[in-house]
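Undergrad: Build me a model:
(one chain, ligands or ions: 1)
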Amino acid sequence: MDPEEYRRAAYASVDYIVDYYKTITERQVVSDVEPGYLRQLLPSEMPQEPESWDDIHKDFDSHIVPGLTHWQSPNFLAFFPANVSFPSILGELYSAAFSAPAFNWICSPAVTELETIVLDWLAKQMGLPSEFLSDTEGGGVIQGSASEAVVTTMVAARDRYLRDAIASKYSTEEEKDAAIAAARGKLVAFASDQTHSSTQKAALIAGVRFIAIKTYAEDDYALTGAALTKAFKEAEDKGLLPFFLTASLGTTAICAIDKFVEIGEATKDYPHAWKHIDAAYSGAALICPEFQHYLAGVEYFDSFDMNMHKWLLVNFDASCLYVRKRKYLIDALSITPSYLRNEASDSGLVIDYRDWQIPLGRRFRSLKIWFVMRTYGAKGMQEHVRKTLGIGVHFTKLIQAHPDVFSIATPPRFGLTVFQVVPSKPEETANDVTKKVANRISNEKVIFLTASTVDGKECIRVVTGSPWATDKSMTEAFEYILTVSEEERQT
Ligand code: PLP
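TA: The predicted structure follows:
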């Protein structure tokens, strides 16, 4: 493809994308294709001869697009949203054009410097403590995902614990090595039973044990200080070493919020245990001052992560990880072979983000964040959060207005409503009828939502973070859910 062919194809692609968004509300949110459909449509070997863009695009339109789930549709009410906005798409386009796996500052100084600036802007806008800003000992770094962020922090936590809590007690290198080797097998990471599975996966990757602490309905499924103290003590009685904890600001299934202040107090006697906040979805709300009270207790924590690629108008991937002391990431992750050395890095005046993450190369992700921040401004981004929250409240009220058909299962929060269908027949339980309703909705594909089990209760969860959702689209979704529920309660 030469530059002029690219120009023609790119203009046409932009037209295609604009038309796609103009028709997004009319598209069936979930695809009808059967598993393996694409293998039937594409050749079994890669093309040997070059093909024209027109032919490629024709197949894209007829074979690929029908197999897409439309995450931007107002009828996408599942998981958490994965917002996209036009300035963010433009950021991706330029990022691809100037492709630079900018692992060191010198690999493309603007890539590093813009990242530092936009992450400082975001931290200030969210009201994070100044210790998380880059002009202190801390700072932010864009990771590919919240899962990557928790693995990265867990590796730093493991390194810090083994050095500061274990090796520091010994004087010779031999003794230190032996003590570290013995302690490694006893390390244990904690989270609540509501925490996203990425913490358990991180423990798997880091080769440490994982303990999920049970939460209870009377605490709104939050991890409490008392439960944490008990869990740490029980682990220590078994000879284990608590070295890491994930606390959540908005869990996946129900948006539970752990008790940060209590957790901070409970872990005061564990100065070497790393405390991480997973605010992957709900943390977006912090850009509005009225939600920043949720940060109370953050001063006890070592790291904080929020995905702009969920609810903050920046397309996947843009997980914003902040650490109180960047030294711990660098201590754990920095290896500098001769071919990565350069004057700028050696001077100590620049950031090399490769030392703050697992991969070496990294994408120019800050560009899309910068474009979004400038196009919307903080005011526009706040308006998006408040608008989608308002739509969530509207949906919750519709559910609450029909207590004969629905019961709210957990406190509605951050645009997420979790509910059960009330059975109408004595032989049927709420779990049975809720499952029937969820299955039928899943098969009919009018809307896309997720079912989840909370403390043994089968629930339906509906979340409203799409920029394309409106009160009207949510009313229509509700009326459909109501019709299906009333029918299923009778059959
Ligand atoms: N944490 C929470 C609360 C989540 O809801 C999710 C995903 O939905 C994650 C972490 C993992 O996010 P990622 O896909 O960025 O790894």
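Undergrad: hey, let's count contacts and neighbours off CA atoms from now on
TA: OK.
Undergrad: how about the residue of the stretch 151-300 of the chain found nearest the ligand, what does it touch?
TA: The minimum distance from the stretch 151-300 of the chain to the ligand, using C-alpha to the nearest ligand atom, falls at T252 (4.0 Å). Counting by C-alpha atoms under 8 Å, 6 or more residues apart in numbering, T252 touches 79-80, 194-196.
Undergrad: go with 10 Å
TA: For T252, the contact set (C-alpha atoms under 10 Å, 6 or more residues apart in numbering) comprises 79-80, 194-197, 279-282, 416, 452.
Undergrad: Show me what secondary structure element comes after the one helix or strand D177 maps to.
TA: Using DSSP states H and E, D177 sits within helix 173-184. Downstream of helix 173-184, the first helix or strand assigned by DSSP H and E is strand 187-192.
Undergrad: Now the helix or strand where F478 lies - C-alpha only, PDB.
TA: Using DSSP H and E, the element containing F478 is helix 471-490. Only the C-alpha atoms of helix 471-490 are listed here, as PDB (Å, rounded to 0.1, in the frame of the first residue of the first chain):
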ATOM      1  CA  ASP A 471     -32.700   7.200  29.900                       C
ATOM      2  CA  LYS A 472     -34.800   6.200  26.900                       C
ATOM      3  CA  SER A 473     -32.600   3.300  25.900                       C
ATOM      4  CA  MET A 474     -32.500   2.100  29.500                       C
ATOM      5  CA  THR A 475     -36.300   2.400  29.900                       C
ATOM      6  CA  GLU A 476     -36.600   0.200  26.700                       C
ATOM      7  CA  ALA A 477     -34.100  -2.300  28.100                       C
ATOM      8  CA  PHE A 478     -36.000  -2.300  31.400                       C
ATOM      9  CA  GLU A 479     -39.400  -2.900  29.700                       C
ATOM     10  CA  TYR A 480     -37.900  -5.800  27.800                       C
ATOM     11  CA  ILE A 481     -36.500  -7.300  31.100                       C
ATOM     12  CA  LEU A 482     -39.800  -6.800  32.700                       C
ATOM     13  CA  THR A 483     -41.700  -8.500  29.900                       C
ATOM     14  CA  VAL A 484     -39.300 -11.500  29.900                       C
ATOM     15  CA  SER A 485     -39.400 -11.700  33.700                       C
ATOM     16  CA  GLU A 486     -43.200 -11.600  33.900                       C
ATOM     17  CA  GLU A 487     -43.500 -14.300  31.300                       C
ATOM     18  CA  GLU A 488     -40.900 -16.600  32.900                       C
ATOM     19  CA  ARG A 489     -42.500 -16.200  36.300                       C
ATOM     20  CA  GLN A 490     -45.700 -17.600  34.800                       C
END
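Undergrad: who's in contact with P81?
TA: Counting by C-alpha under 10 Å, 6+ apart, P81 has contacts 71-73, 281, 309-313, 463-467.
Undergrad: pretty sure it is in a strand, no?
TA: No - counting by DSSP: H, G, I helix; E, B strand; the rest coil, P81 is not found in a strand; it is coil.
Undergrad: N75 versus that one, what's the distance?
TA: Shown here: P81 relative to N75, a distance of 11 Å by C-alpha to C-alpha, to the nearest Å.
Undergrad: now A279
TA: 24 Å.
Undergrad: For these two, indicate the residue with more neighbours.
TA: Between A279 and N75, counting by other C-alpha atoms under 10 Å, N75 is the more crowded of the two (28 against 25).
Undergrad: out of everything not next to it in sequence, what's closest to the more buried one?
TA: Excluding the flanking residues, the one nearest N75 by C-alpha to C-alpha, 6 or more residues apart in numbering is I447, at 4.8 Å.
Undergrad: which residues does the one you found contact?
TA: Per C-alpha under 10 Å, 6+ apart, neighbours of I447: 28-30, 73-78, 441, 476-478, 480-481.
Undergrad: try 8 Å
TA: I447 sits next to 28-30, 75-77, 441, 477 when contact means C-alpha under 8 Å, 6+ apart.
Undergrad: Could you pick out which of those residues are located in helices?
TA: Among these, the residues falling in helices (DSSP state H) are 441, 477.
Undergrad: CA atoms only: put stretch 218-226 into CSV for me.
TA: C-alpha atoms of stretch 218-226 as CSV (Å, rounded to 0.1, in the frame of the first residue of the first chain):
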residue,chain,number,x,y,z
GLU,A,218,-24.2,-7.2,56.7
ASP,A,219,-20.9,-5.4,55.6
ASP,A,220,-22.2,-4.9,52.1
TYR,A,221,-19.6,-7.5,51.1
ALA,A,222,-16.7,-5.1,52.0
LEU,A,223,-13.4,-6.4,53.4
THR,A,224,-13.2,-5.1,57.0
GLY,A,225,-10.3,-4.5,59.3
ALA,A,226,-11.4,-7.1,61.7
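Undergrad: quick one: that stretch near the ligand?
TA: No - taking C-alpha under 6 Å from any ligand atom as the criterion, stretch 218-226 and the ligand are apart, separated by no less than 13.1 Å.
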